[in-house]
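**Student:** Sequence first, then the predicted structure, then my questions.
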Amino acid sequence: MELRRIVVCVDFSAITPKVLEWAGEEARRFGAKVELVHVLEETMPRLAQEMLELHTLYDKLREVTEKRLEDLKEELVSKYGVEVETKILNGEPFDAILDYLDETKPDLVVVGAHGKRGVKRILLGSVSEKVARKSSVNVTIVKY
Ligand SMILES: Nc1ncnc2c1ncn2[C@@H]1O[C@H](COP(=O)(O)OP(=O)(O)OP(=O)(O)O)[C@@H](O)[C@H]1O
Ligand SMILES: [Mg+2]
């Protein structure tokens, strides 16, 4: 088996360090490249943002998110010595992730079992559940 590209979905929630640990170990073992992916939910269309002069706020959010991804990248590079890229997508998280997987066809995708809403409700969060069910890419689901 060959693992060359691993997409890692991060939502910056409490499970993220665990997700990164799994992805880092897997990537090192297989000599794979990691892509750290975060989906920004811009709830307002660009035009409305501009009319309400909210675009600067969204630009700022994007900038902060880029910085947070860069920090995670540095951590992975120094801990595991793997190659890492970062990517920000827009839209509904599961749609954006599924489209991205479909377009880029990585060898593996790593998600947390839960995210920002935590573990109280159900077995899996809606993003991890949909990615596991609908994507043709193999999925690693990391639990707490
Ligand atoms: N915006 C996002 N960008 C990238 N990955 C995400 C995003 N949201 C969730 N994920 C991925 O999906 C995993 C599970 O999160 P999910 O959102 O499904 O659970 P939840 O927040 O507990 O519940 P829900 O969002 O369904 O109410 C996360 O650990 C992360 O890997
Ligand atoms: Mg969530």
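**Tutor:** Nice, thanks for sending it over. Ligands and ions are numbered 1, 2, ... in the order given.
**Student:** if you go through the chain in chain order, where are the helices?
**Tutor:** Listed in chain order, the helices of the chain (DSSP state H) span 16-30, 46-51, 55-80, 93-104, 126-134.
**Student:** Which of these comes out lowest on mean pLDDT?
**Tutor:** Mean pLDDT is lowest for helix 46-51 out of the helices of the chain, coming in at a mean of 79.
**Student:** Nearest residue to Gly81 in space, please, no chain neighbours.
**Tutor:** Distances taken as CB to CB, 6 or more residues apart in numbering place Arg28 nearest to Gly81, at 6.5 Å, with adjacent residues excluded. Any C-beta I mention is one placed from the backbone N, CA and C, and that applies to glycine too.
**Student:** Could you double-check that the one you found sits in contact with Tyr80?
**Tutor:** Yes: here Arg28 reaches Tyr80: they are 4.5 Å apart, a contact under CB atoms under 8 Å.
**Student:** When these two are compared, which one has more neighbours?
**Tutor:** Neighbours were counted for Arg28 and for Tyr80 using other CB atoms under 10 Å; Tyr80 has more, 19 against 15.
**Student:** which ones are touching the closest residue to that one other than its chain neighbours?
**Tutor:** Beyond its immediate neighbours in the sequence, the residue positioned closest to Tyr80 (CB to CB, 6+ apart) is Gly24, lying 3.9 Å away. Applying CB atoms under 8 Å, 6 or more residues apart in numbering to Gly24 gives the contacts Val34, Leu76, Lys79, Tyr80, Val82.
**Student:** thought the last one was touching Glu35?
**Tutor:** It refers to Val82. No: the pair Val82 / Glu35 is not scored as a contact, 11.0 Å apart, by CB under 8 Å.
**Student:** ok, now how distant is the residue lying closest to Lys33 once chain neighbours are set aside from ligand 2?
**Tutor:** Of all residues not flanking Lys33 in the chain, Glu83 sits nearest, at 4.5 Å (CB to CB, 6+ apart). Shown here: Glu83 relative to ligand 2, a distance of 28 Å by CB to the ion, to the nearest Å.
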